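In: I would like the atomic coordinates for the input below:
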Amino acid sequence: MSEERPVLRDGIIAGLIGAAIVAVWFLIFDVARGRPLLTPALLGSAVFQGITDPAAVTISPGPVFFYTILHGLAFVGFGVVAASLVMAAEREPALLIAFVILFVGFEAFFIGAVAALGKSMLGALVWWAILAGNLLASIGMIWYFFATHRRLPEMLVGSWGGVLKEGLSAGLLGAAVVAVWFLVIDLAEGEPFRTPILLGSTIFGANQPVAVTVTLYTIAHGIAFVVFGIVAASLISGAEQQPLLVLGLAILFTAFEVFFFGAIVIAAKWVLDEVSGWALFLGNVFAATAMLWYFFARHRALATRLIGTWEDD
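Out: Next comes the predicted model:
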């Protein structure tokens with residue numbers, strides 16, 4: 001019993017943190033699109049009244065209240081399961097993979113459950129808002145578990161902690177360079193934030209306020225660069241033992257440019273008519289240069305070894 005109480009306590013607290021984060025996120029999102037409490041009303045009407053047509057939903061206290069209770073209980077149940085895995089993983093670190101799978105499955109399950117309500121309901125709820133809300137909740141819950149189980153970050157990350165930190169820093173540096181570059185370009189053309197508005201509207205749709213579009217695109221832009229930075233940091237770390245992996249780093253940065261232009265051509269070719277191709281190219285070159293400078297400034301021995309090899313050749 002002495003072990004069950006901490007698990008239940010941690011699970012309940014973590015679950016309530018996750019539920020509160022999602023509730024606040026959707027409250028902000030609904031207020032931004034001019035219909036406060038629309039999301040819990042939609043979900044509450046679908047679950048308790050069987051309504052799957054958004055046009056037939058009215059925002060009323062009943063569905064909102066009962067869905068909020070159900071929402072909180074579901075998160076508490078999830079939190080207790082996660083807390084149980086954390087407790088077990090402290091005895092058997094191999095179970096940490098189950099902890100990771102649980103949170104990945106959490107995202108997939110929620111989107112799948114909403115999709116089961118019908119395509120019209122999923123369209124009204126906005127897929128990226130659902131994904132972002134649950135991602136924020138997962139981050140909040142994981143933060144709580146990390147704060148209360150000090151050994152968990154070290155067990156989960158291990159020797160990769162430095163690589164992740166380096167990749168995060170490099171990614172944020174690259175994202176900042178591109179953001180500043182396009183801010184300068186847009187200001188020179190007399191239209192501040194024109195580029196993030198164009199790209200954000202392509203990804204998230206043009207039916208929300210400009211401030212929301214810019215914010216969402218900035219977040220997505222930052223996350224993409226952070227993921228890229230972590231992959232690059234992993235290759236740099238491996239190259240210190242096997243310099244041949246630097247070739248993989250060169251391929252990664254080249255593929256980064258090709259992928260970015262390919263994605264625009266496939267998904268939104270019209271963007272190239274609105275934003276100069278040379279500006280897109282130079283922005284990504286500047287970002288890549290800044291990230292490579294950061295990596296080699298921190299890995300001077302690798303840079304010296306590579307330069308020496310080229311000089312010998």
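
In: can you list the domain ranges for this structure.
Out: 4-149, 159-312 (automatic domain parsing).

In: all helices of the stretch 51-200 of the chain, in order?
Out: Applying DSSP state H, counting those that start in this stretch to the stretch 51-200 of the chain gives helices spanning 61-91, 96-116, 119-125, 127-148, 151-157, 161-188, 194-204.

In: buried stuff in stretch 51-67?
Out: Of the residues in stretch 51-67, 51-52, 54, 57, 59, 63-64, 67 count as buried by neighbour count, 16 or more other Cβ atoms under 10 Å. Where C-beta positions appear, they are placed from N, C-alpha and C, glycine not excepted.

In: mind checking pLDDT for residue 172?
Out: In this model, residue 172 is scored at 93, pLDDT.

In: scratch that, residue 116 is what I was asking about
Out: Taking residue 116 on its own, its pLDDT is 61.

In: got it, and residue 146?
Out: The score at residue 146 is 82. That number is its pLDDT.

In: quick one: neighbours of the closest residue to residue 182 other than its chain neighbours, just the number.
Out: Nearest non-adjacent residue to residue 182, counting by Cβ to Cβ, 6 or more residues apart in numbering: residue 195, 4.3 Å away. If you count neighbours by other Cβ atoms under 10 Å, residue 195 ends up with 25.

In: residue 224 now?
Out: Residues near residue 224, counting by other Cβ under 10 Å: 15.

In: OK, contacts around residue 51?
Out: 45, 57 (Cβ atoms under 8 Å, 6 or more residues apart in numbering).

In: of the helices of the stretch 51-200 of the chain, flag the one that's most buried.
Out: Greatest average neighbour count among the helices of the stretch 51-200 of the chain goes to helix 194-204 (a mean of 19), per mean count of other Cβ atoms under 10 Å.

In: tell me what angle the next helix or strand after that helix forms with helix 161-188.
Out: On the C-terminal side of helix 194-204, the closest following helix or strand by DSSP states H and E is helix 210-239. On the basis of axes from the mean of the first three to the mean of the last three Cα atoms, to 10 degrees, helix 210-239 is oriented at 140 degrees to helix 161-188.

In: related to what we said a few turns ago, may I see the helices of the stretch 51-200 of the chain arranged in a markdown table, with distance to residue 223 as well?
Out: A markdown table is the format used below for these (distance: least, Cβ to Cβ, whole Å):
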| stretch | distance to residue 223 |
| --- | --- |
| helix 61-91 | 23 |
| helix 96-116 | 14 |
| helix 119-125 | 21 |
| helix 127-148 | 9 |
| helix 151-157 | 19 |
| helix 161-188 | 8 |
| helix 194-204 | 12 |
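
In: what's the closest of these to residue 46?
Out: Nearest of those to residue 46, taken as Cβ to Cβ: helix 119-125 at 6.0 Å.

In: average pLDDT across stretch 56-70?
Out: 87.

In: please tell me how far residue 170 sits from residue 40.
Out: To residue 40, residue 170 is 39 Å away according to Cβ to Cβ, to the nearest Å.

In: got it, and residue 73?
Out: From residue 73 across to residue 40, the span is 14 Å (Cβ to Cβ).

In: rewinding a little: pretty sure the residue nearest to residue 182 contacts residue 187?
Out: No: look at residue 195 against residue 187 with Cβ atoms under 8 Å: they stay out of range, at 10.8 Å.

In: just to revisit the earlier point, ok, the buried residues of stretch 51-67 vs residue 18, which is closest?
Out: Nearest to residue 18 among these is residue 67, at 15.4 Å by Cβ to Cβ.
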